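Colleague: just the structure for this:
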Amino acid sequence: MDIKPLLVILSFALPFAAQAEDEELLLDEEETLELIEDDDALSLDEDSDSMELSNDMLIADTIDSQNEDDSPFTFEGSVGIEYRRFYQKGAAPTQDYHNNFSFKIEPTWRYEWDDGSQNIVFTPFARVDDQDEERTHFDIRELLWTKFTGDWTIRAGVGKVFWGVTESQHLVDIINQTDFVENINGEEKLGQSMLNLAYTADYGTFDLFVLPGFRERTFPGEDGRLRLIPQVDNDHALYESGAGDDHIDFAVRWAQTIGDWDIGLAHFHGTTRDPQYVPVFNGVGAPPVKLLAYYEIIDQTSIDTQAVKGNWLWKLEAYSRGGQGSGRFEAAATGFEYTFSGVFETGADLGLLAEYLYDNRDISELTTPFDDDIYLGTRFGFNDTQSTELLIGFIMDRRNNSEWTYSVEGSRRIAEDWKISLEARGFGSAGPEYPISHSVRKDDYIMFELERFF
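Modeller: Residues are numbered from 1 along each chain as shown. I've put the predicted structure just below:
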């Protein structure tokens, strides 16, 4: 039974009862003192009752508020408008513009039940771009059911999983495909259909992934910037497996903290997320007119680890991959970050980063420009109420000083629900023997994004 209406009625009735009691006291002057004494006692009782009543109402309101906060259904997300300014026209004739606007939306619905031991999350994503029709796209980032039962966690649906520790690139992050039209830094990922079983014990967390349904990497269209030249054909991919994009992939991972070290060991078998490119020619001796992405079946064993030693953060990502290209090869990214706290007599932190990037494939088989490169960076964390952050990085090839890139990434909250972000990238003038870097040599840009969170 809900007693809250009764409590509300009593809270109004008691003051009027006290007023009637006072009027009755004035009628008999001979009993004034006695009645005053009785009235004082009654007032104390009424005050006590009123206080108890107010407390009960406050508790009831608090419970109602908590019930609202503890609602099994939540909704949040963001919308944003982005502006990119390219300093030059692109290297391809169709890239003859400087200004690029786009709009994105990414809401998230979450529902919990069974005392929080089960939940389902749905996160769609959409972007509309005014220049590149391939960048106008829709994706389901997550549609994932999760069940917690004892030491086990079960996940099924479409989800996102991140592995990695280094700043310059994430070599071992292989579960999800890269959404390359979103950003060339490789950090934006497409949703991946999966069944994930995780077991947590004192000796580590074990994950098993079954990954049905392969996702092809997204590539900019003919008018898009920051793409290979010639462009990658988004409609005609090639596969080593006869099952094509229906091949079922598998992955296992063990993760544990040992002393100061966080360690992850993983193995992946399935379709590579990082394709090679096959040129298509119109005639003998003619330049290629387009590229086809070729996805091979690989086996990749990897490690990612980091350790905090005072102000030092040491990082390593490395893998050995077989099945792609002419033979097994290895790649690694390793380095450190050192943080100065309270710099310039403020609460800000200053981090200095240095990493080495290595890939021992032949240059003709490289799917990345980073095979023997040095990364240097600076991170500013202002620790203010606006959550202001700034990261500046620079990567240069040790053998070719014309192959380099810089990046600037910053963000600041400008109101409770608003955030503005800045991103700038520039590229060196690498020659055609470095096809990836050569393709984007005229794509230096600065980007501003305004986001509204809800």
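
Colleague: please count neighbours and contacts with C-alpha atoms only from this point.
Modeller: OK.

Colleague: contact partners for residue 74?
Modeller: 109, 110, 111 (Cα atoms under 8 Å, 6 or more residues apart in numbering).

Colleague: could you flag which of the residues you listed are buried?
Modeller: Buried subset of the contacts of residue 74 (neighbour count, 16 or more other Cα atoms under 10 Å): 109, 110, 111.

Colleague: tabulate these (a markdown table), appending secondary structure and pLDDT.
Modeller: Formatted as a markdown table, these follow (DSSP: H, G, I helix; E, B strand; the rest coil; pLDDT from 0 to 100):
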| residue | secondary structure | pLDDT |
| --- | --- | --- |
| 109 | strand | 99 |
| 110 | strand | 99 |
| 111 | strand | 99 |
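
Colleague: circling back: nearest to residue 433, of the contacts of residue 74?
Modeller: The shortest gap between residue 433 and any of the contacts of residue 74 belongs to residue 109, at 47.4 Å (Cα to Cα).

Colleague: bridging residues for the closest one?
Modeller: Per DSSP bridges, the residues bridged to residue 109 are residue 75, residue 122.

Colleague: wait, doesn't it sit right on residue 123?
Modeller: Yes - Residue 109 lies in contact with residue 123 (Cα atoms under 8 Å); the separation is 6.6 Å.

Colleague: mutual contacts of these two, please.
Modeller: Common neighbours of residue 109 and residue 123 (Cα under 8 Å, 6+ apart) do not exist.

Colleague: which parts of the stretch 1-150 of the chain are strands?
Modeller: Per DSSP state E, counting those that start in this stretch, the stretch 1-150 of the chain carries strands over the ranges 73-86, 99-113, 118-129, 137-149.

Colleague: could the ones you listed go into TSV alongside distance to residue 229?
Modeller: Formatted as TSV, these follow (distance: least, Cα to Cα, whole Å):
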stretch	distance to residue 229
strand 73-86	17
strand 99-113	19
strand 118-129	20
strand 137-149	21
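
Colleague: just tell me which of these ends up closest to residue 226.
Modeller: strand 73-86 (10.2 Å).

Colleague: buried ones in the closest one?
Modeller: Quick answer for strand 73-86 (16+ other Cα under 10 Å): 78, 79, 80, 81, 82, 83, 84, 85, 86.

Colleague: next, the angle from that strand to strand 99-113.
Modeller: Counting by axes from the mean of the first three to the mean of the last three Cα atoms, to 10 degrees, strand 73-86 points 170 degrees away from the direction of strand 99-113.

Colleague: C-alpha coordinates for strand 73-86, PDB please?
Modeller: The C-alpha trace of strand 73-86 is given here as PDB (Å, rounded to 0.1, in the frame of the first residue of the first chain):
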ATOM      1  CA  PHE A  73      16.500   1.600 -19.000                       C
ATOM      2  CA  THR A  74      19.000   4.300 -19.900                       C
ATOM      3  CA  PHE A  75      19.500   6.500 -22.900                       C
ATOM      4  CA  GLU A  76      22.400   8.600 -23.800                       C
ATOM      5  CA  GLY A  77      24.600   9.600 -26.800                       C
ATOM      6  CA  SER A  78      25.900  12.400 -28.800                       C
ATOM      7  CA  VAL A  79      25.400  14.400 -32.000                       C
ATOM      8  CA  GLY A  80      28.100  16.400 -33.700                       C
ATOM      9  CA  ILE A  81      28.900  18.600 -36.700                       C
ATOM     10  CA  GLU A  82      32.400  18.400 -38.200                       C
ATOM     11  CA  TYR A  83      34.300  20.800 -40.400                       C
ATOM     12  CA  ARG A  84      37.600  19.800 -42.100                       C
ATOM     13  CA  ARG A  85      39.700  22.300 -44.000                       C
ATOM     14  CA  PHE A  86      42.200  20.800 -46.400                       C
END
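
Colleague: and the angle for that strand with strand 118-129?
Modeller: 30 degrees.

Colleague: quick one on the thing from earlier: nearest to residue 311 among the buried ones among the contacts of residue 74?
Modeller: Sorting those by distance to residue 311 puts residue 110 at the head of the list, at 37.5 Å, by Cα to Cα.

Colleague: which one of the contacts of residue 74 is nearest to residue 293?
Modeller: Distances from residue 293 to the contacts of residue 74, taken by Cα to Cα, are shortest for residue 109, at 34.2 Å.

Colleague: distance of that closest one relative to residue 409?
Modeller: 29 Å (Cα to Cα, to the nearest Å).

Colleague: which among the contacts of residue 74 gets closest to residue 102?
Modeller: Each of the contacts of residue 74 was scored against residue 102 by Cα to Cα, and residue 109 proved nearest at 23.7 Å.

Colleague: ok but residue 437 is inside a helix, no?
Modeller: Yes - counting by DSSP: H, G, I helix; E, B strand; the rest coil, one finds residue 437 located in a helix.

Colleague: ok, what's across the strand from residue 232?
Modeller: Under the criterion used (DSSP bridges), residue 232 bridges to residue 291.

Colleague: need the pLDDT of it.
Modeller: pLDDT for residue 232: 97.

Colleague: for it, what are its contacts?
Modeller: Taking Cα under 8 Å, 6+ apart, we find residue 232 in contact with 219, 220, 221, 277, 290, 291, 292, 293.

Colleague: TSV for these, including neighbour count, distance to residue 362 and pLDDT?
Modeller: What follows is these, written out as TSV (neighbours: other Cα atoms under 10 Å; distance: Cα to Cα, whole Å; pLDDT from 0 to 100):
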residue	neighbour count	distance to residue 362	pLDDT
219	24	24	98
220	22	26	98
221	21	28	97
277	19	14	96
290	17	22	96
291	21	19	97
292	19	20	98
293	22	18	98
